[in-house]
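[1] Next one to model:
(one chain, ligands or ions: 1)
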Amino acid sequence: MSADQPTVLVVEDEPAQREVLAYNLEAEGFRVSKAENGEEALLLVDEDAPDLIVLDWMLPSVSGIEVCRRLKSRAETRGVPVIMLSARSEEVDRVRGLETGADDYVVKPYSVVELMARVRSQLRRTRPATVGQRLEFADIVLDAETHKVFRDEKPLKLGPTEFRLLSTFMEKPGRVWSREQLLDRVWGRDIYVDTRTVDVHIGRLRKALCQHGGDDPVRTVRGAGYALG
Ligand code: CA
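    Model prediction:
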């Protein structure tokens, strides 16, 4: 499994529902982590923020609403999209759900197809390269569906790690990534890799991007890391 697959945290206290959700998300190609209550969800997010959270409203002790409110009140977790699940469909619930900062809201019983569409739609906004989007930056085009990269319309040869690095950069051009952030995003937390490895692959990416000429678009930010553009 590659590290650039989006991770989805499922928070649901009912085991059968939790497993069905996890099963369907895994079938869609997502990496899934599971929490059975709000406290566990908050701990997991602290350890390793997922790319998206599917959060049940009705949870014992800390409710889904409270979990969402806490996540959205902290700068480090505010950007993680939250899709709230609820058995209650009244309009008032919908409004309360959105007031907590939830990014989307799905009423139970939900259709799996619809829920997956909502998940992809949130990720299209936050992790475009992971849902098969075509990304462009200056004369560079990355097609996440076919895994092809072009510069000035010429195809580029790129290793798998360089491809993941580039797609990370192209999701947020101009953003400065520290070596540690790139390790988490491109290699994944489970694998021990030295930060120097990042420099080696950045070097390879630069070479690959300039294989038909053109300026080096990767910027080294002293003491901070790397950015595209
Ligand atoms: Ca529940």
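[2] OK, contacts around the nearest residue to M116 once chain neighbours are set aside?
    Distance criterion Cβ to Cβ, 6 or more residues apart in numbering; nearest residue to M116, sequence neighbours excluded, is E28 at 5.5 Å. For glycine as for every other residue, the C-beta is placed from the backbone atoms N, C-alpha and C. Neighbouring residues of E28 by Cβ atoms under 8 Å, 6 or more residues apart in numbering: M116, V119, R120.
[3] what does R222 give?
    R222 neighbours (Cβ under 8 Å, 6+ apart): none.
[4] Quick one, grab the pLDDT at it.
    Looking at R222, its pLDDT is 94.
[5] So which residues on this structure come close to the ion?
    Listed as neighbours of the ion in the chain under the rule Cβ under 5 Å from the ion: D13, D56, M58.
[6] residues touching the spatially most central residue of the chain, list them.
    Among the residues of the chain, D51 comes closest to the average C-alpha position under Cα atoms, centre = their mean, at 3.2 Å. By Cβ under 8 Å, 6+ apart, D51 lies in contact with P6, T7, V8, V80, P81, L123, T126, R127, T130.
[7] Name the SS class of the third one, please.
    Read that as V8. strand (DSSP: H, G, I helix; E, B strand; the rest coil).
[8] quick one on the thing from earlier: which member of the contacts of D51 is positioned nearest the ion?
    Nearest to the ion among these: V8, at 17.1 Å, using Cβ to the ion.
[9] Pick out whichever of the contacts of E28 sits closest to E180.
    Comparing these against E180 with Cβ to Cβ places V119 closest, at 27.0 Å.
[10] these two touch, right, that closest one and V54?
    Yes. Between V119 and V54 there is a contact under Cβ atoms under 8 Å: 7.2 Å.
[11] which of the two has more neighbours?
    V54 (27 against 24; other Cβ atoms under 10 Å).
[12] what's the neighbour count on A35?
    23.
[13] Now the phi/psi pair for it, please.
    phi -130, psi 140 (degrees, to the nearest 10).
[14] and if you look at K154?
    Torsion angles, degrees, to the nearest 10, at K154: phi -100, psi 130.
[15] What helices and strands are in contact with the helix or strand where R164 lies?
    Using DSSP states H and E, R164 sits within helix 160-171. Applying 3 or more Cβ pairs under 8 Å, 6 or more residues apart in numbering; DSSP states H and E, one finds that helix 160-171 contacts strand 134-137, strand 140-143, helix 195-209, strand 225-228.
[16] Give the next helix or strand downstream of the lowest-mean-pLDDT helix or strand in the chain.
    In the chain, no helix or strand scores lower on mean pLDDT, DSSP states H and E than helix 91-99, which sits at a mean of 62. Using DSSP H and E, the helix or strand that follows helix 91-99 in sequence is strand 104-107.
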